[in-house]
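*Asks:* A predicted structure for the sequence below; I have some questions about it.
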Amino acid sequence: MIDFRAAEQLLAARDPRGAVKLLDSVIAAHPENTAARLLRARAFFAAAQLRPAELEFELVLEREPDNAFAHFALGRTHERSGRPEQARKHFRLAAALDPQPEYLEAARFES
């Protein structure tokens, strides 16, 4: 999984497109690798490729419906895409699964 680790480093170094390229080969070889799909979704999001990010986050959630981070990230993706109601749904699921301050703030339960 050298490509996976290299992709993590590229994403951390703010090269999301480079990370996506590496992850494409990882996912082609291991399509069941949910961690690689989650990282690719994050890279798509960082590259402002919102539709591919949305599709990857949704695939991760099909496999791991209790993944709070994936719900939160999908919420952010919907938010950036101008779909606040869909975003709030995923923010609330993330906060219910893992009441981290960032998730709770995004969920805005008081409104």
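*Replies:* That came in fine, so what should we check first?
*Asks:* Sketch out the low-pLDDT regions of the chain for me.
*Replies:* Residue ranges of the chain with pLDDT under 70: 110-111.
*Asks:* any chance you could map the helices in it?
*Replies:* 2-12, 16-29, 34-46, 50-63, 68-80, 84-97, 101-107 (DSSP state H).
*Asks:* Could I get these in CSV, plus columns for mean neighbour count?
*Replies:* Backbone N, C-alpha and C define where each C-beta goes, glycine included. Shown next, in CSV, are these (neighbours: other Cβ atoms under 10 Å):
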stretch, mean neighbour count
helix 2-12, 16
helix 16-29, 18
helix 34-46, 22
helix 50-63, 18
helix 68-80, 22
helix 84-97, 19
helix 101-107, 16
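*Asks:* so how far is stretch 76-95 off the chain centroid?
*Replies:* Relative to its chain's centre, stretch 76-95 lies at 12 Å (Cα atoms, centre = their mean, to the nearest Å).
*Asks:* Need the contact partners of it.
*Replies:* For stretch 76-95, the surrounding residues in contact (Cβ atoms under 8 Å, 6 or more residues apart in numbering) are 45, 48, 50, 53-54, 57, 68-69, 71-72, 74-75, 103-104, 106-109.
*Asks:* First-to-last residue distance for that stretch?
*Replies:* 13 Å (Cα to Cα, to the nearest Å).
*Asks:* got it, and stretch 86-106?
*Replies:* Chord length of stretch 86-106, first to last residue, is 12 Å (Cα to Cα).
*Asks:* Quick check: chain neighbours aside, which residue is closest to residue 47?
*Replies:* residue 16 (4.0 Å; Cβ to Cβ, 6 or more residues apart in numbering).
*Asks:* In this structure that neighbour contacts residue 10, no?
*Replies:* Yes. Using Cβ atoms under 8 Å, residue 16 makes contact with residue 10 at a distance of 7.4 Å.
*Asks:* who touches both of these two?
*Replies:* With Cβ under 8 Å, 6+ apart, residue 16 and residue 10 have common neighbours residue 43.
*Asks:* contacting residues around residue 18?
*Replies:* With Cβ under 8 Å, 6+ apart, residue 18 has these contacts: 7, 10.
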